[in-house]
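1. sequence unknown, structure follows:
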């Protein structure tokens with residue numbers, strides 16, 4: 001498989017220097033050949049030329065529909081899956097150049113909280129053993145029981161919970177346990193992969209508030225992956241909107257939410273319900289037609305053009321670059337809103 005050409009776009013620099021710097025990230029998956037069919041092997045273009053920075057203590061929200069490549073980006077950043085091309089720099093270190101043992105040391109500083117709290121905990125292990133497992137794997141000395149108790153209390157649970165098993169807890173409590181496990185090694189960066197999407201709406205706010213409180217107390221950075229823009233708005237300092245493996249718009253959260261310049265961003269925001277029912281009933285929503293194209297054969301030019309009401313012949317012939325707009329964010333569109 002030939003290496004894709006990397007065209008590193010301009011990205012908004014993170015204030016105060018970057019903890020994480022991603023440039024030209026590409027991830028392709030080779031599809032298995034179908035028996036009886038011959039010809040060229042098909043490739044899924046999951047992530048195509050993605051670049052961004054994350055500063056110390058900052059939260060970057062990665063948003064977009066299912067299949068946009070958000071989770072793949074998060075796992076490539078941690079090298080849970082290997083990127084096809086591009087560069088991931090964490091605390092000044094190129095992760096692609098690290099051996100397995102060197103990467104294991106660096107992973108003390110990089111952790112993940114998974115989407116499904118019901119599948120991310122071993123049902124045969126007590127909660128205390130699950131939280132202590134990173135300490136054991138990394139060979140961290142000291143009193144693990146004392147550390148486990150302090151972590152449980154940090155996420156709003158009690159010391160008695162350490163002796164229980166995952167099936168004895170609610171979804172929100174399990175997600176708090178997952179957060180405690182991610183904090184065990186004092187990471188500088190945590191990837192939050194749809195951390196509240198599997199939870200009831202009634203308990204989502206409590207978990208989101210927990211993330212905000214922990215960041216204020218401990219100063220770690222987040223990559224917050226979500227499809228719900230209303231959740232990200234309450235957590236993110238900056239937002240990157242993804243569609244079919246590419247970043248469509250990136251900038252300060254308030255700017256992107258109040259002054260979106262890409263049609264896809266506008267469409268996503270129009271789908272977020274408003275708390276005032278009178279305003280909600282009277283506003284005009286943007287209804288996108290058609291389905292997201294296949295990443296095996298994405299559209300030429302702008303990948304969003306097949307669903308965009310502003311598309312012209314130029315959109316099919318030329319891929320738009322990320323460019324700075326009047327309010328300071330970057331968006332990739334030939335006909336941006338200003």
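-> Okay, I see it. All of these numbers come straight from a predicted model, not from anything done at the bench.
2. just for the stretch 1-150 of the chain, where's the confidence low?
-> For the stretch 1-150 of the chain, residues meeting the criterion pLDDT under 70 lie at 1-16, 33-40.
3. go again using 50 as the cut-off
-> Along the stretch 1-150 of the chain, segments meeting pLDDT under 50 span 1-10, 12-15.
4. strands of that one, residue ranges please.
-> For the stretch 1-150 of the chain, the strands defined by DSSP state E, counting those that start in this stretch occupy 20-30, 43-54, 59-63, 85-90, 93-94, 110-113.
5. so residue 188 makes contact with residue 108?
-> No - using C-beta atoms under 8 Å, residue 188 is not in contact with residue 108; the gap is 9.2 Å. Yep, even glycine has a C-beta here, placed from its N, CA and C like the rest.
6. which one's more surrounded, the two?
-> Using other C-beta atoms under 10 Å, the more surrounded residue of residue 188 and residue 108 is residue 188, with 19 against 16.
7. quick one: residues contacting that one.
-> Contacts for residue 188 (C-beta atoms under 8 Å, 6 or more residues apart in numbering) come out as 19, 56, 91, 109-110, 220-221.
8. could you rerun that using 10 Å?
-> By C-beta atoms under 10 Å, 6 or more residues apart in numbering, the contact set of residue 188 is 19-20, 54, 56-57, 90-91, 108-111, 218-221.
9. nearest to residue 262, of the strands of the stretch 1-150 of the chain?
-> Smallest distance to residue 262 across those (C-beta to C-beta): 12.0 Å, for strand 59-63.
10. give me the sheet partners of that closest one and which way each runs.
-> strand 221-226 (parallel), strand 238-243 (parallel) (DSSP bridges).
11. follow-up on the earlier one: what's the PyMOL line that selects buried ones from the contacts of residue 188?
-> Typed into PyMOL, the line below selects the buried ones among the contacts of residue 188, using 16 or more other C-beta atoms under 10 Å:
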select buried, resi 19+20+54+56+57+90+108+109+110+111+220+221
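12. which of the contacts of residue 188 lies closest to residue 77?
-> Of these, the one sitting nearest to residue 77 (C-beta to C-beta) turns out to be residue 20, at 6.8 Å.
13. what's the closest non-adjacent residue to the closest one?
-> Spatial nearest neighbour of residue 20, excluding adjacent residues (C-beta to C-beta, 6 or more residues apart in numbering): residue 54 at 4.2 Å.
14. could you dump the strands paired with strand 59-63 to JSON lines with distance to residue 305 and mean pLDDT?
-> JSON lines is the format used below for the strands paired with strand 59-63 (distance: least, C-beta to C-beta, whole Å; pLDDT from 0 to 100):
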{"stretch": "strand 221-226", "distance to residue 305": "25", "mean pLDDT": "96"}
{"stretch": "strand 238-243", "distance to residue 305": "11", "mean pLDDT": "97"}
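15. pipe these into a markdown table and attach distance to residue 116 per row.
-> Converted to a markdown table, the strands paired with strand 59-63 look like this (distance: least, C-beta to C-beta, whole Å):
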| stretch | distance to residue 116 |
| --- | --- |
| strand 221-226 | 13 |
| strand 238-243 | 21 |
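16. ok so, going back, using TSV, lay out the strands of the stretch 1-150 of the chain together with distance to residue 337.
-> Shown next, in TSV, are the strands of the stretch 1-150 of the chain (distance: least, C-beta to C-beta, whole Å):
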stretch	distance to residue 337
strand 20-30	26
strand 43-54	22
strand 59-63	18
strand 85-90	29
strand 93-94	37
strand 110-113	34
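17. of these, which is nearest residue 119?
-> Counting by C-beta to C-beta, residue 119 lies closest to strand 110-113 out of the strands of the stretch 1-150 of the chain; the figure is 12.6 Å.
18. where along the stretch 151-300 of the chain do the strands fall?
-> 189-193, 221-226, 238-243, 246-252.
19. residue 25 contacts residue 48, correct?
-> Yes - if you go by C-beta atoms under 10 Å, residue 25 and residue 48 touch, sitting 8.6 Å apart.
20. shared neighbours, these two?
-> Listed as contacting both residue 25 and residue 48 by C-beta under 10 Å, 6+ apart are 6, 69, 84-86, 245, 247.
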